[in-house]
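Attaching a predicted model along with its sequence, questions to come.
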Amino acid sequence: MQPSTPSNQPAPAAPTRPPRILIADDTPEAVELLEAYLAGTDYETAIATDGEETLARVGDWHPDLILLDVMMPKISGFEVCKRLRSNPATRDIAILMVTALDQTSDIERAVEAGTHEFLSKPINKTELLLTVRNLLAARQKKTELDRALDYFDRMQRDTP
């Protein structure tokens, strides 16, 4: 029998795994390029080719970051982003919109939908990798902060 962790101790850290990136784009050439740019990194990748598949993959694969095209079949990237932000289980996933759209109104619409960043095609490899790294680091820090806050909340509840 394993000893139980006292309630005033932090929960053990979750097993580490490489960050997961979901590439959501309906254009095979764009997917191939993004996969090539991410090759050689320690990220796990998966692909979705339309908005519905993106939402399904998020539910079963739990990515840390989504590279989300705006113009996709079935459900647009804007709508996918809004749905993810409205769900407590998915609202903290980092989203980087990667799209051929580059008008100020498109960027504003992406921000209103809840994206963290926006890159216009053609994608620069260095810019993509830097943005991915920064978004994943910010997500990791938020996860650590949330765990620390949960720990302090438990401590306060357990203190007479």
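Perfect, thanks for sending it.

which residues touch the residue sitting nearest the centre point of the chain?
By C-alpha atoms, centre = their mean, the chain has its centre lying nearest to L65, at 2.3 Å. Taking C-beta atoms under 8 Å, 6 or more residues apart in numbering, we find L65 in contact with P19, R20, I21, L22, I93, A94, I95, L96, V132, L135, L136, R139. Heads up, the C-betas are built off the backbone N, CA and C, glycines and all.

Quick one: list the elements packing against the longest helix anywhere in the chain.
As assigned by DSSP state H, the longest helix anywhere in the chain is helix 125-158. Judged by 3 or more C-beta pairs under 8 Å, 6 or more residues apart in numbering; DSSP states H and E, helix 125-158 is in contact with helix 28-38, strand 65-68, strand 94-99, strand 117-120.

quick revisit: list just the nearest of the contacts of L65 to T49.
Of all the contacts of L65, T49 sits closest to L22, with 11.3 Å by C-beta to C-beta.

sec struct for that closest one, please.
Following DSSP: H, G, I helix; E, B strand; the rest coil, we place L22 in the strand state.

Off-centre distance for stretch 106-121?
Using C-alpha atoms, centre = their mean, to the nearest Å, the mean C-alpha position of stretch 106-121 is found 14 Å from that of the whole chain.

hmm, I was thinking of stretch 105-124
With C-alpha atoms, centre = their mean, you get 14 Å for stretch 105-124.

hey, C-alpha coordinates of that stretch in PDB?
The C-alpha trace of stretch 105-124 is given here as PDB (Å, rounded to 0.1, in the frame of the first residue of the first chain):
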ATOM      1  CA  SER A 105     -10.200  43.600 -39.600                       C
ATOM      2  CA  ASP A 106      -9.100  39.900 -39.800                       C
ATOM      3  CA  ILE A 107      -6.600  40.300 -37.000                       C
ATOM      4  CA  GLU A 108      -9.200  42.200 -34.900                       C
ATOM      5  CA  ARG A 109     -11.700  39.400 -35.500                       C
ATOM      6  CA  ALA A 110      -9.100  36.700 -34.500                       C
ATOM      7  CA  VAL A 111      -8.400  38.600 -31.300                       C
ATOM      8  CA  GLU A 112     -12.100  38.900 -30.500                       C
ATOM      9  CA  ALA A 113     -12.400  35.200 -31.100                       C
ATOM     10  CA  GLY A 114      -9.700  34.600 -28.500                       C
ATOM     11  CA  THR A 115      -6.500  33.800 -30.300                       C
ATOM     12  CA  HIS A 116      -3.200  34.400 -28.500                       C
ATOM     13  CA  GLU A 117      -1.200  35.300 -31.600                       C
ATOM     14  CA  PHE A 118      -1.800  35.700 -35.400                       C
ATOM     15  CA  LEU A 119       0.700  34.900 -38.100                       C
ATOM     16  CA  SER A 120       0.000  35.700 -41.800                       C
ATOM     17  CA  LYS A 121       1.100  33.300 -44.600                       C
ATOM     18  CA  PRO A 122       3.600  32.900 -46.000                       C
ATOM     19  CA  ILE A 123       5.000  31.800 -42.600                       C
ATOM     20  CA  ASN A 124       8.600  32.600 -41.600                       C
END
